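Engineer: Attaching a predicted model along with its sequence, questions to come.
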Amino acid sequence: MSTYQETTLKTDQYELESLLSDRFVLTWRHMSVVGLVCGLFVLLSFTPLASHTTWLFASRGEAILTAGQLPATEVTQSLSQGMTYRETSWLASIFWAVVARQSLEAVSWATTLLATISIVLVSVSLWQATRNSLLTGLGIVWFALFAWAALGLGSPLLLVLPLWITLILLTLRGTSGTSLVTSAATIAIVWLWANLDASFLVGVALLAAVWLGNSVTFLVQNKYDAKKLLQDKTFRQAAVTLELSLLATLLTPLGVGLWAELFASWSLAQAPLDITSIAGASWLIAIVLLGVILRKQRGTLPMAEVLTVAVFALASLALASQIVWLAPLAVLVLLPRTQTVLGIGSDPAPIAPEATTETEAKPPMLRFAYTLGAVLLCWIAFAISPLSQSVLGGQPRTIGQLFDNDTPIAATRYLRENPVDGLVFAPAAWGDLLQSPQGGQADVFATSAMSHLPQQAKYDYNRINRGETLWQGIADRYAVNALVIDKKQQAALLETVRSDHSGWQIALEDDLSLIVRRSGK
């Protein structure tokens, strides 16, 4: 006979209570945003590695790990020996070297995870600022279109992009005051960024622009009373934070030399932004939203936000490569401001108010149904992606699936299996992979770091690249024993070599590349 009291069998006297907090109650709107992020994650995980600069940094990192010190010359090009070189991305180089040591697949995984971190940071920050799932979803799509090319890059940029997003949130979210914790976090981010990549100047420029914008706003609100500005606690703390951040950039192996190298390598010879491209269209959207904010804003203009977005928008228009810095800045600043000036409301509360009388209906019991659906979407995205191989098993992807169609896979495999005794001339963009330990392991004429070559070597590289008939004489001068020709981008050189390659023999040819070697070499 059961020992339970009969009254315990009356289940109508009991009610199940959820263990999770109401903060985890999601609606279909939230689940849609989660599904969007998961879709981008899967898309990124299957995006082929399009950038070869990963292998450039991996080779530098290998040299640092082997020697235990920063290299004094550009290690990816033997012709750079004797040229002055300063390693400004030593920490990022070590990171990619460690990742590349694992496998080629690991490089793809790292690229996917770093890009996804940036997307998640943007989505979470947008939700916290707008509490509107539609605006959050639109912001995620806008950010992805804005910076998709950069998200596919395996380079220091992917390492510093989350730092850049965090710095934007620290400096522009709640600019009415600056806490000691925020200041310490800002200084730490700038210090870490300075050790990862020389692009830390972008972060310093943001701090200076925000400080200047807030100062102008304060002066306008206080009838241009400079004395009162100098006595303002927030102004002084922001100034100290900026000063300490500048000092933090000196806490690197190069010290002041980092700034010297930064200014020495600075160049305005970059392509302007193509307005007809996807990134250009995203730039136009940012300008339109900025105009709407300036037109509809009531009261004092958010000078810090307007100034930073305007400065970076103008910079990216003149220098297309800077668009990656504008992308999260425009999304995180302009969308919440647009919501405010247009009066767009937040999402409805996900939980119905508590019933005040017994006759009123109780909240639905399955309040976590969409939360479970969001978790299921995350699991499905992980299971579909190649990252699940370490947990669920499966066949690793082939090299052809890892790289895009413009990567010289056949040429890389050939050089690895048939080493060349001497220099290998190849397009500089291909040189990164061809010289890397994970690639062809060849001694290439030039890589994407060809700016560190002697001036005469640059001149001779361009002469061969243009397909001049004297290419054999230049090859003799540098002891070049093999040429890897890009059949799409080096049509003139391809025609010249085909017309006269006496003393040379065709070693390999496919749809993408042609390899010729000296006879007997």
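Structural biologist: Structure's in. What do you need?

Engineer: quick one: low-confidence ranges for the stretch 1-150 of the chain?
Structural biologist: By pLDDT under 70, the low-scoring segments of the stretch 1-150 of the chain are 1-21, 50-52.

Engineer: At which residues are the strands of it located?
Structural biologist: For the stretch 1-150 of the chain, no strands are identified by DSSP state E, counting those that start in this stretch.

Engineer: again with the stretch 301-450 of the chain
Structural biologist: With DSSP E, counting those that start in this stretch as the criterion, the stretch 301-450 of the chain has strands spanning 423-425.

Engineer: so where's it uncertain?
Structural biologist: 350-366.

Engineer: Identify the residue spatially nearest to residue 388, adjacent ones excluded.
Structural biologist: Distances taken as C-beta to C-beta, 6 or more residues apart in numbering place residue 382 nearest to residue 388, at 5.5 Å, with adjacent residues excluded. C-beta coordinates here come from the backbone N, C-alpha and C atoms, glycine included.

Engineer: Buried residues in stretch 435-445, which are they?
Structural biologist: Of the residues in stretch 435-445, 435, 436, 438, 439, 440, 442, 443, 444, 445 count as buried by neighbour count, 16 or more other C-beta atoms under 10 Å.

Engineer: got the contact list for the second one?
Structural biologist: Taking C-beta atoms under 8 Å, 6 or more residues apart in numbering, we find residue 436 in contact with 55, 56, 58, 59, 100.

Engineer: ok, the first one to residue 387 distance?
Structural biologist: Using C-beta to C-beta, to the nearest Å, residue 55 is found at 21 Å from residue 387.

Engineer: More neighbours: the two, which one.
Structural biologist: residue 55 (28 against 20; other C-beta atoms under 10 Å).

Engineer: sorry, back to before: max pairwise distance over the contacts of residue 436: which two?
Structural biologist: Farthest apart among those by C-beta to C-beta are 56 and 100. That separation is 11.0 Å.

Engineer: Is it correct that residue 472 is in contact with residue 503?
Structural biologist: Yes. The pair residue 472 / residue 503 is scored as a contact, 7.3 Å apart, by C-beta atoms under 8 Å.

Engineer: and these two? which has more neighbours close in?
Structural biologist: Legend: neighbour count by other C-beta under 10 Å for residue 472 and residue 503, higher for residue 472 (19 against 13).

Engineer: show me what contacts residue 444?
Structural biologist: 76, 77, 423, 424, 425, 426, 431, 434, 435.

Engineer: Buried by neighbour count: which residues of stretch 59-66 qualify?
Structural biologist: 59, 60, 61, 62, 63, 64.

Engineer: now the first one: how far from residue 187?
Structural biologist: It refers to residue 59. In terms of C-beta to C-beta, residue 59 sits 32 Å off from residue 187.

Engineer: And the helices in the stretch 151-300 of the chain, which stretches?
Structural biologist: Along the stretch 151-300 of the chain, counting by DSSP state H, counting those that start in this stretch, helices occupy 156-172, 180-196, 200-221, 226-231, 233-248, 256-265, 278-296.

Engineer: Next: the stretch 301-450 of the chain.
Structural biologist: Under DSSP H, counting those that start in this stretch, the stretch 301-450 of the chain gives helices at 303-318, 323-342, 369-384, 389-392, 399-402, 409-417, 428-435.
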